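Peer 1: Sequence first, then the predicted structure, then my questions.
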Amino acid sequence: MAAPGENLRINPDRLWDSLMEMAKIGPGIAGGNNRQTLTDEDGEGRHLFKRWCDAAGLVTGVDEMGTMFARREGTDPDALPVYVGSHLDTQPTGGKYDGVLGVLGGLEIVRTLNDLGIRTKHPIVVTNWTNEEGARFAPAMLASGVFAGVLTQDYAYSRKDKAGKVFGEELARIGWKGDEKVGARKMKAFFELHIEQGPILEDEGIDIGVVTHGQGLKWLEVRLTGKEAHTGSTPMPKRRNAGLGMARVIELVHEVAMDYQPDAVGAVGHMEAYPNSRNIIAGRTVFTVDIRSPDKATLDEMDLRIREGISTICEALDISFEIEQVGHFDPVTFDEGCVKAIRDAATRLGYTHRNIVSGAGHDACWINRVAPTAMVMCPCVDGLSHNEAEEISKEWAAAGADVLFHAVVETAEIVG
Ligand code: GLV
Ligand code: MN
Ligand code: MN
């Protein structure tokens, strides 16, 4: 027997056109996007999304973290809503789809339901989480972290970017600080569609990733202090070279991650050397360590080894160090029922699918703590993401959105 709404499909052209329209805001320098959180461009992207939500008849609320919630009413307004969404902010050299596909895929579901005149018992709420990327203000997934009660709002408001600008002030400046208490909303479920950001689905020619787990992550900010001195006249044994310290830590992070293959990863992504002059030995370096693993014990062991290694390296070089943890979440197991809804949807629609572990962090990883949650992934070309050249096909986007559509509608229950 046909499942309810078995033949339902979203409109691939409309979804694609919306993705391309959003990508015009905050264009990058190489075909992608620079729409970092709480910039004017982020504000502009939010206005465009709000206009689309208004046109679809949705009622938008904004919470004190700036997260946007656009609600399509259900036939039972007291029934807990089904939430769907992701983020519209990007990396400084980001792609057009990381996050955006999940928000606009959610909007496309609602537009399709409107086209077909389909009502659901449970309301459906399309969500744009503030500061998923964590590129401008660490940590990543800041608003969803506050929503889930893992981070405090005061902590979030106090985060600073490289220029010293403060999150709470920037949120007010762009005009998107709402009045809703963060985390007050209760969810029947949360679903997030995202590009894979890795190569597995494309390499295996598979349409859909059914995300069962997300790997855990730790972000450290490391500050090394040595002594600025002349590169020509300072004898080698007398140097206190913070640049050399950073180089050794970069090597250490790589080696530690290599010791826990095949799953663990680690890298230093952000690096600063002071005063950054060709004939001055770097007296100070500031850099970030990003380590990840699907296994909590492994992640903790990697963290410990890196901290001990930094201490040994600094002692040998006669430099001092500070280590600040600026991001952390444990590995995530998504809700069995929501994962099943996604797997069943992919099967029903005839898409090839496999289970997959998310390598990246997502708002779903935090929301999983307060509501039944799952994610659906579609391939991306060469597994490339956090790069302006990030690319997907219209067909991949449509398949992902169709699976999302079926999982959401099944959970929200079609009426009649
Ligand atoms: C978020 O984009 C992450 O770094 O995984
Ligand atoms: Mn993302
Ligand atoms: Mn990202």
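Peer 2: Right, received. Where do you want to start? Ligands and ions are numbered 1, 2, ... in the order given.

Peer 1: roughly how far apart are the residue nearest to the spatial centre of the chain and ligand 2?
Peer 2: Taking C-alpha atoms, centre = their mean, the centroid of the chain lies closest to His362, which sits 3.9 Å from it. Note on His362: its distance to ligand 2, by C-beta to the ion, to the nearest Å, is 6 Å. Placement of C-beta: from N, CA and C, glycine included.

Peer 1: Spell out which helix or strand contains Arg292, please.
Peer 2: Per DSSP states H and E, Arg292 falls inside strand 284-293.

Peer 1: packing partners for that strand?
Peer 2: With contacts defined as 3 or more C-beta pairs under 8 Å, 6 or more residues apart in numbering; DSSP states H and E, the packing partners of strand 284-293 are strand 216-225, helix 242-259, strand 265-274, helix 296-317.

Peer 1: Now the residue of the chain most remote from its centre, what are its backbone angles?
Peer 2: What lies farthest from the middle of the chain is Ser233; by C-alpha atoms, centre = their mean that is 47.3 Å. The phi/psi pair for Ser233 (degrees, to the nearest 10) reads phi -100, psi 0.

Peer 1: Out of the helices and strands packed on strand 284-293, which one sits most buried?
Peer 2: Comparing these by mean neighbour count (mean count of other C-beta atoms under 10 Å), strand 216-225 comes out on top with a mean of 21.

Peer 1: What strands line up against that one, and which way round?
Peer 2: strand 284-293 (antiparallel), strand 320-329 (antiparallel) (DSSP bridges).

Peer 1: just these: most buried one?
Peer 2: When these are compared using mean count of other C-beta under 10 Å, strand 284-293 is most buried, at a mean of 22.

Peer 1: Does that one reach ligand 1?
Peer 2: No: contact of strand 284-293 with ligand 1 (C-beta under 6 Å from any ligand atom) is absent, the minimum separation being 7.2 Å.

Peer 1: quick one, that strand and helix 242-259 angle?
Peer 2: 10 degrees (axes from the mean of the first three to the mean of the last three C-alpha atoms, to 10 degrees).

Peer 1: Specify the angle between strand 284-293 and helix 296-317 in degrees.
Peer 2: Using the same axes, to 10 degrees: strand 284-293 against helix 296-317 is 160 degrees.

Peer 1: quick check: angle from strand 284-293 to strand 265-274?
Peer 2: Here the directions of strand 284-293 and strand 265-274 differ by 170 degrees (the same axes, to 10 degrees).

Peer 1: I'd like the distance from strand 284-293 to the chain centre, please.
Peer 2: In this view, strand 284-293 has its centroid 18 Å away from the chain centroid, taken as C-alpha atoms, centre = their mean, to the nearest Å.

Peer 1: And the helices and strands packed on strand 284-293: which comes nearest ligand 2?
Peer 2: Smallest distance to ligand 2 across the helices and strands packed on strand 284-293 (C-beta to the ion): 13.1 Å, for strand 216-225.

Peer 1: Quick one: the helices in this protein, in order.
Peer 2: Shown for the chain, the helices assigned by DSSP state H span residues 12-23, 40-55, 100-116, 142-147, 153-158, 167-173, 200-204, 242-259, 296-317, 336-349, 363-367, 394-412.

Peer 1: Touching the second one from outside, list them.
Peer 2: Contacts to helix 40-55, defined as C-beta atoms under 8 Å, 6 or more residues apart in numbering, come from residues 18, 21-22, 25-26, 34-36, 60, 68, 70, 88-89, 103, 107, 126, 128, 174-176.

Peer 1: which bits of the chain sit near ligand 2?
Peer 2: Within reach of ligand 2 by C-beta under 5 Å from the ion, the chain has these residues: 98-99.

Peer 1: if we go to 6 Å?
Peer 2: Applying C-beta under 6 Å from the ion, we find that the chain lies next to ligand 2 at 87, 98-99, 132, 194, 362.

Peer 1: These: which ones sit near ligand 1?
Peer 2: Applying C-beta under 6 Å from any ligand atom to those, none is adjacent to ligand 1.

Peer 1: tell me the contacts of the residue nearest to Leu15 when sequence neighbours are not counted?
Peer 2: Spatially, and ignoring its direct neighbours in sequence, Leu15 is nearest to Glu108 (4.4 Å; C-beta to C-beta, 6 or more residues apart in numbering). Neighbouring residues of Glu108 by C-beta under 8 Å, 6+ apart: 10-11, 14-15, 18, 401, 405.

Peer 1: neighbours of the residue of the stretch 101-250 of the chain found nearest ligand 2, just the number please.
Peer 2: Per C-beta to the ion, Glu132 is where the stretch 101-250 of the chain lies closest to ligand 2, at 5.4 Å. Close neighbours of Glu132, defined as other C-beta atoms under 10 Å, add up to 26.

Peer 1: Equivalent analysis for Lys121, please.
Peer 2: Using other C-beta under 10 Å, Lys121 has 15 neighbouring residues.

Peer 1: Stretch 260-274 near ligand 1 at all?
Peer 2: No: using C-beta under 6 Å from any ligand atom, we find that stretch 260-274 stays clear of ligand 1, coming within 9.1 Å at best.

Peer 1: what does that stretch rub up against?
Peer 2: By C-beta under 8 Å, 6+ apart, stretch 260-274 touches 215, 228, 242-243, 246, 249-250, 253-254, 256-257, 282-295, 298-299, 301-302, 306, 359.

Peer 1: Up against ligand 1, what does the stretch 51-200 of the chain have?
Peer 2: Counting by C-beta under 6 Å from any ligand atom, the stretch 51-200 of the chain sits next to ligand 1 at 133, 140.
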